[in-house]
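J.: Quick one, what's the 3D model for this:
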Amino acid sequence: MPIPSPRPPTAPDPGDGDRKFAGLFIESPVPMALVDVRSRRIVRGNQALARLLGHSCTDLEGRALRDLDAGSPEEIEAHLLLALACRDDRPKHRTWTTASGALIPVELLAARLPTDQGPTLVLWGSDARGVGGDGSAVEASEIRSRLAQKHEAVGRLATGLTTELDGILARVVRSAESLQAGTASPAAMHAGLGEILDAGREARALLRDLLAFTGRQTLEVRTVSLAELVAEAEDSLREELPADVGLLVRAGAVAALVSVDPAGVREVLAHLTAHAKDAMPEGGYLLVAVEEVQIDDAFTLEHPSTRPGPHVLLTVTDTGAGMDEEARARVFEPFSDAGRGRGSGMGLATVYGIVKQLGGSVWVTSRPGAGTTFRIYFPKVGEAGGG
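T.: Predicted coordinates for the structure are as follows:
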């Protein structure tokens, strides 16, 4: 028998079948929750889930999944995506936070449930502390695993920053020592001062990229035409490409406006162009296009960080070497080999940070030997000319 959809408080009195389901749901010994896919919030949790987490059933209603799941927002979205798009029926190991702040390992199964109120996710949970008869060991292992992943990411970032800054400072010290010796010719002194200035600018750019990645960069947001921004940047992008890489820009008749920082968009384009150039050492083509698109509910299910409505899509496609699945999964990580650009290990991590801070979303598709496409969606806020 199909599972009846949850009813809002103002709905008419449910039928007998719905009342039976509600009773089974609430009194089931298995922790269960109904989650609204669009808002990522719990519509209803049963008594077993409330006991597991130390909340009341009422407290669980309306609570966001990110408030319960100790993982990163990206991990939570990935879990939802697997359940919605891939219909993965294997249990997922997660760590949830109780009302007291304690972390407990759980195993989750999820399934999509179409309802009158929109797509809903049914979660079945089990307390994994009892697996193998050693609950504390399982819990400690899960927490250690998550801490190890975070330490690895922090370590990679720290190592990359140290390497970059060490190289910059070495140039500064070398030039300063030469100037201090007082034996350099006027031309050599001028070159040494230029080297120090260049190194200082590189250090400033690296720190700016780091702020962009963390979403803490100071942005000057304005309502502008993305198509016009891209068209204005065409000449500078062409200058960054070698002669054997052709540039095609299609941004003509798009009147839609977006709220962005023009300098931030230009930086995004510069990083993506540098990435494309590195991917095409033997030449190729780079396509930069702007178009207006309508995002629907079906698209948001496959791309969880997007929202329905009109958007402006910026697409950057190269005909380069492409990436395998492992490289694609890490392309936005700082100092990832796949995400380098403009000589800085921050590269595409900066792109990700800027786009997110501007309220957009960025997605990448790629296959070895088939090139790479980056798609960036910004919400549409109006039409040029006041439409």
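
J.: what is the mean pLDDT for stretch 36-44?
T.: Stretch 36-44 comes out with an average pLDDT of 82.

J.: ditto for stretch 253-267
T.: 87.

J.: Tell me the buried residues in it?
T.: 254, 256-262, 264-267 (16 or more other CB atoms under 10 Å). For every residue, glycine as well, the C-beta is placed using N, CA and C.

J.: for those, which one is nearest T306?
T.: Nearest to T306 among these, counting by CB to CB, is V258 at 14.4 Å.

J.: Just give the closest residue to the closest one, not the sequence neighbours.
T.: Spatial nearest neighbour of V258, chain neighbours left out: F378 (4.2 Å); criterion: CB to CB, 6 or more residues apart in numbering.

J.: same question, A263
T.: E220 (7.0 Å).

J.: and if you look at R250?
T.: A289 (4.2 Å).

J.: quick one: secondary structure of R201?
T.: Under DSSP: H, G, I helix; E, B strand; the rest coil, the three-state class of R201 is helix.

J.: That one: neighbour count?
T.: 11 (other CB atoms under 10 Å).

J.: same question, L109
T.: 17.

J.: Over to V172?
T.: With other CB under 10 Å as criterion, V172 counts 17.

J.: for it, phi and psi?
T.: The phi/psi pair for V172 (degrees, to the nearest 10) reads phi -60, psi -50.

J.: quick revisit: burial of the residue nearest to V258, as a residue count?
T.: F378 has 22 nearby residues by other CB under 10 Å.

J.: ok so it is a helix residue?
T.: No. Using three-state DSSP, the assignment for F378 is strand, not a helix.

J.: Who does it form a beta bridge with?
T.: Beta-bridge pairing for F378 (DSSP bridges): V312.

J.: Let me see the ranges of the strands in the stretch 1-150 of the chain.
T.: Ranges of strands within the stretch 1-150 of the chain are 32-36, 41-45, 92-97, 103-113, 120-127, based on DSSP state E, counting those that start in this stretch.

J.: neighbouring strands for the fourth one, and are they parallel or not?
T.: On the basis of DSSP bridges, the sheet neighbours of strand 103-113 come out as strand 92-97 (antiparallel), strand 120-127 (antiparallel).

J.: tell me the domain ranges of the chain?
T.: 16-133, 148-213, 222-383 (automatic domain parsing).

J.: Low-confidence regions, this protein specifically.
T.: 1-23, 72-91, 113-119, 128-161, 205-218, 304-305, 334-347, 385-387 (pLDDT under 70).

J.: One more pass at 50, please.
T.: Along the chain, segments meeting pLDDT under 50 span 1-15, 17, 86, 131-139, 339-344.

J.: need the helices for it, in chain order.
T.: 16-27, 47-53, 57-60, 65-68, 73-81, 135-181, 186-213, 226-240, 262-279, 297-302, 325-329, 347-357 (DSSP state H).

J.: can you pull the buried residues of the second one?
T.: For helix 47-53, burial by neighbour count (16+ other CB under 10 Å) applies to 47-50, 52-53.

J.: picking up where we left off before, right, and the residue nearest to R250 touches A251 too?
T.: Yes. Judged on CB atoms under 8 Å, A289 makes contact with A251 at a distance of 6.7 Å.

J.: okay, now D318: neighbour count?
T.: Neighbour number of D318 under other CB under 10 Å is 25.

J.: list the contacts for it?
T.: With contact set as CB atoms under 8 Å, 6 or more residues apart in numbering, D318 has these partners: 275-276, 279-280, 284-287, 371-373.

J.: Could you identify the buried members of the residues you listed?
T.: Judged by 16+ other CB under 10 Å, buried ones among the contacts of D318: 275-276, 279-280, 284-287, 371-372.

J.: Could you provide those residues in a markdown table, with additional columns for distance to E302?
T.: Formatted as a markdown table, the buried ones among the contacts of D318 follow (distance: CB to CB, whole Å):
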| residue | distance to E302 |
| --- | --- |
| H275 | 24 |
| A276 | 25 |
| A279 | 25 |
| M280 | 29 |
| G284 | 29 |
| Y285 | 28 |
| L286 | 26 |
| L287 | 23 |
| G371 | 21 |
| T372 | 19 |
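
J.: CA atoms only for stretch 315-335 - export them in PDB, please.
T.: C-alpha atoms of stretch 315-335 as PDB (Å, rounded to 0.1, in the frame of the first residue of the first chain):
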ATOM      1  CA  THR A 315      29.100  28.400 -19.400                       C
ATOM      2  CA  VAL A 316      32.900  28.000 -19.900                       C
ATOM      3  CA  THR A 317      33.900  25.000 -22.000                       C
ATOM      4  CA  ASP A 318      37.300  23.800 -23.200                       C
ATOM      5  CA  THR A 319      38.400  21.100 -25.600                       C
ATOM      6  CA  GLY A 320      41.200  20.000 -23.400                       C
ATOM      7  CA  ALA A 321      42.300  16.800 -21.800                       C
ATOM      8  CA  GLY A 322      39.400  16.500 -19.400                       C
ATOM      9  CA  MET A 323      39.400  15.000 -16.000                       C
ATOM     10  CA  ASP A 324      38.600  11.600 -14.500                       C
ATOM     11  CA  GLU A 325      36.100  11.100 -11.700                       C
ATOM     12  CA  GLU A 326      38.600  11.400  -8.900                       C
ATOM     13  CA  ALA A 327      40.100  14.700 -10.200                       C
ATOM     14  CA  ARG A 328      36.600  16.100 -10.900                       C
ATOM     15  CA  ALA A 329      35.600  15.400  -7.300                       C
ATOM     16  CA  ARG A 330      38.500  17.500  -6.000                       C
ATOM     17  CA  VAL A 331      38.600  20.200  -8.600                       C
ATOM     18  CA  PHE A 332      37.400  22.900  -6.200                       C
ATOM     19  CA  GLU A 333      39.800  22.000  -3.400                       C
ATOM     20  CA  PRO A 334      42.600  24.400  -2.600                       C
ATOM     21  CA  PHE A 335      46.000  23.300  -4.100                       C
END
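
J.: Nothing else from me, thank you.
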